[in-house]
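> Quick one, structure for this:
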Amino acid sequence: MTIQEAKEALKENYVKAGLTLDNETLDTLYFSHGEEGRLKISKKDIEDYKDYINSTKKYNNKPDECSILNKEYREQIVNDLNFKTRFLRRRKPIEFGDSKGKETYLEISPASDDFLNFFRFQEQYLQLCLPRFSWSGTVGEDGEEDEYEELFENLYRPTTIKVFNLKEKNIDNAISKSSDLIDRCLFSVSSLREIPMELIDQWPIRKKDEKNSKNFHFGEKVKGTALPIPKLKLNATLIKFHKQATSTDIPSLKYLAFYQILEYFYLTVADENLYNNLSRRINDLKFTTDSSNLDKIIKDVSNHKRVNDETEMLKNVLKKYIQEDELIEFIKEFEAHLGNKVYTSKREVFGTPISAIALNTGHVYGNIAKTIKAIRNALVHSSDRHERNDRYIPYSKEGTKLIENEIPLIKFLAEKVIIANASIS
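Coordinates of the predicted model:
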């Protein structure tokens, strides 16, 4: 590719992406995007792009959609999971091994120029760049050229982990070796520097055709910033669990915190049911303290201890605090939002078979309780021998997606329980 061909390729592709070509000179392209975005592609950027295209370092888009790889090198996006540090830019890269030697070494740092050029015109990458272009640069009253910012400097440049000097004979071996090294080094930086990081396997945007549970809202949505003062006095302990749930982006931790709000009332509701049963027996006009009646009381207590496992306790909490018709309406709206019969179809949740829920009065609480307990057990128990069911592996794609889709329901139930246990102030 010649310098002129590189210039034409850049011009054609950015115009196709939605930028407007304002002007061009022999060695510079000037673009605008939106009302304020002003960017230029200088001679250096054109030359660098030409050199990248002509380079012998050819990359594959493997093993994931946001990674590049060849037999010598791998680079892939990583994400800082620590809320306090994720937005901080580090001045120095984190290095593993000797970067000056010829052996394999790794580095965590802003994405390389090769990484940006490889994805430069890829559709999902462009979706991350275009909003940045909209506020880049300004044009003065006299339209001076130096008001245009360098386009390359405004590309989305994520943090990536890079593996150098792989020295493998084929791509499959390069994937296997680099994956093992990346796992080791991400554990190391988490353990030694307390910077938890995860490897990202897809671009951090939602695909246009992907249904998302995160933007589901049940009931009337309150608009604006003016909110009424709640008239209810809420349980302070439950509010702390709720804060814990809403303050994390990690689906498994969010789910467990909402679950704890339901679990908080297991013994209270179970004991209340026992007390009601005992009260009915004792208050019966025919009750006497003979052996027959006392045996019935002993049996009530014995059955209470045997029958009240946690799934039954959860079911009783739901029956006490959640209106069944409102729960049915929630399920209908959520399934319509996702375009998927999540609850009204038979399925398996972490190895536990769940029957389809019939949206009729009296048939909802049991299957919902069974679903919630299956997820809770998968999150809490890491042993593969516990109940001999599947376990949840943190940050696994399928498990995380399942839990994300279950969060709206557990959040709805938890908030209904909080409100049901509030008092008028």
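
> Looking at the helix or strand harbouring residue 402 now, give me its mean pLDDT.
Here residue 402, judged by DSSP states H and E, is contained in helix 397-420. The pLDDT scores in helix 397-420 average 90.

> For the helix or strand just after it, enumerate the helices and strands it packs against.
Under the assignment DSSP H and E, the closest C-terminal helix or strand after helix 397-420 is strand 423-424. Packing partners of strand 423-424 (3 or more CB pairs under 8 Å, 6 or more residues apart in numbering; DSSP states H and E): strand 232-233. (Each C-beta comes from the backbone N, C-alpha and C, glycine too.)

> Partner strands of the strand it packs on, with direction?
strand 423-424 (antiparallel) (DSSP bridges).

> And the helix holding residue 402, what's buried?
399-400, 402-414, 416-418 (16 or more other CB atoms under 10 Å).

> And stretch 117-132, by the same measure?
Neighbour-count burial for stretch 117-132 [16+ other CB under 10 Å]: 117-121, 125-130, 132.

> Same question for stretch 315-322.
315-318, 321-322.

> Now for residue 410: which residues touch it?
255, 258-259, 262, 372 (CB atoms under 8 Å, 6 or more residues apart in numbering).

> biggest separation within these, which pair?
Among these, the pair separated by the greatest distance (CB to CB) is 255 and 262, at 11.1 Å.

> so where's the stretch 51-200 of the chain shaky on pLDDT?
Along the stretch 51-200 of the chain, the model assigns pLDDT under 70 to residues 83-91, 137-146.

> make it 90
Residues of the stretch 51-200 of the chain meeting the criterion pLDDT under 90: 56-57, 79-93, 99-102, 134-147, 190-198.

> quick one, strands of it?
Taking DSSP state E, counting those that start in this stretch as the criterion, the stretch 51-200 of the chain contains strands spanning 67-69, 74-80, 94-96, 105-110, 149-150, 159-164, 197-199.

> can you list the residues that contact the shortest one?
By CB under 8 Å, 6+ apart, the residues outside strand 149-150 that reach it are 38-42, 45, 136-137.

> between those residues, which is closest to residue 298?
residue 136 (78.1 Å).

> Only the buried residues of the strand or helix carrying residue 336, if you could.
Taking DSSP H and E as the definition, residue 336 sits inside helix 324-338. Within helix 324-338, the residues scored as buried using 16+ other CB under 10 Å are 324, 327-328, 330-331, 334-335, 337.

> Including distance to residue 283 and pLDDT, could the residues you listed go into a markdown table?
Below are the buried residues of helix 324-338 laid out as a markdown table (distance: CB to CB, whole Å; pLDDT from 0 to 100):
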| residue | distance to residue 283 | pLDDT |
| --- | --- | --- |
| 324 | 29 | 91 |
| 327 | 33 | 94 |
| 328 | 35 | 93 |
| 330 | 38 | 93 |
| 331 | 39 | 94 |
| 334 | 43 | 92 |
| 335 | 45 | 91 |
| 337 | 48 | 89 |
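
> Tell me the one of those residues nearest residue 365?
residue 324 (7.0 Å).

> pretty sure the closest one contacts residue 363?
No. Using CB atoms under 8 Å, residue 324 makes no contact with residue 363, being 9.1 Å away.

> Now do the SS call for residue 348.
Three-state assignment for residue 348 (DSSP: H, G, I helix; E, B strand; the rest coil): strand.

> what's across from it in the sheet?
Here residue 348, judged by DSSP bridges, has bridge partners residue 353.

> For it, grab the count of nearby residues.
For residue 348, the count of nearby residues is 11 (other CB atoms under 10 Å).

> repeat for residue 69
22.

> can you check residue 291 too?
9.

> and this protein, what are its domains?
3-199, 213-424 (automatic domain parsing).

> can I get the ones you listed in CSV with distance to residue 205?
Below are the domains of the chain laid out as CSV (distance: least, CB to CB, whole Å):
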stretch, distance to residue 205
domain 3-199, 5
domain 213-424, 13
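
> now the helices: where do they sit in the stretch 251-400 of the chain?
251-263, 266-283, 291-307, 310-321, 324-338, 365-380, 397-420 (DSSP state H, counting those that start in this stretch).

> Give me the contacts around the first one.
In other words, helix 251-263. Applying CB under 8 Å, 6+ apart, the set of residues contacting helix 251-263 is 238, 241-242, 244-246, 248, 310, 314, 317-318, 372, 375-376, 379-380, 392, 394, 400, 403-404, 406-407, 410-411, 413-414, 417-418.

> coming back round to it: could you dump the contacts of residue 410 into CSV with neighbour count, distance to residue 96 and pLDDT added?
What follows is those, written out as CSV (neighbours: other CB atoms under 10 Å; distance: CB to CB, whole Å; pLDDT from 0 to 100):
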residue, neighbour count, distance to residue 96, pLDDT
255, 24, 33, 94
258, 26, 38, 95
259, 22, 38, 94
262, 23, 44, 95
372, 25, 41, 93
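
> ok so, going back, residue 158: which of the contacts of strand 149-150 is nearest?
residue 136 (17.5 Å).

> what sits against that closest one?
33, 37-39, 149, 151, 154.

> Neighbour-wise, which one of those leads?
Going by other CB under 10 Å, residue 151 tops those with 26 neighbours.

> What residue, apart from its backbone neighbours, is nearest it spatially?
residue 39 (4.0 Å; CB to CB, 6 or more residues apart in numbering).

> thought residue 189 was touching residue 93?
No. Using CB under 8 Å, residue 189 is not in contact with residue 93, being 11.4 Å away.

> between these two, what contacts are shared?
By CB under 8 Å, 6+ apart, the residues touching both residue 189 and residue 93 are residue 108.

> nearest residue to residue 328 other than its sequence neighbours?
residue 359 (4.9 Å).

> how close does the one you found sit to residue 367?
Using CB to CB, to the nearest Å, residue 359 is found at 11 Å from residue 367.

> quick one, what contacts residue 396?
Taking CB under 8 Å, 6+ apart as the definition, residue 396 has no contacts.

> distance of it from residue 318?
From residue 396 to residue 318 the distance is 28 Å (CB to CB).

> hmm, who's touching stretch 313-329?
Contacts for stretch 313-329 (CB under 8 Å, 6+ apart): 262-263, 265-267, 269-270, 273, 308, 359, 361-362, 364-366, 368-369, 372-373, 413, 416-417, 420-421.

> Is residue 241 in contact with residue 248, as I believe?
No. Using CB under 8 Å, residue 241 is not in contact with residue 248; the gap is 11.9 Å.
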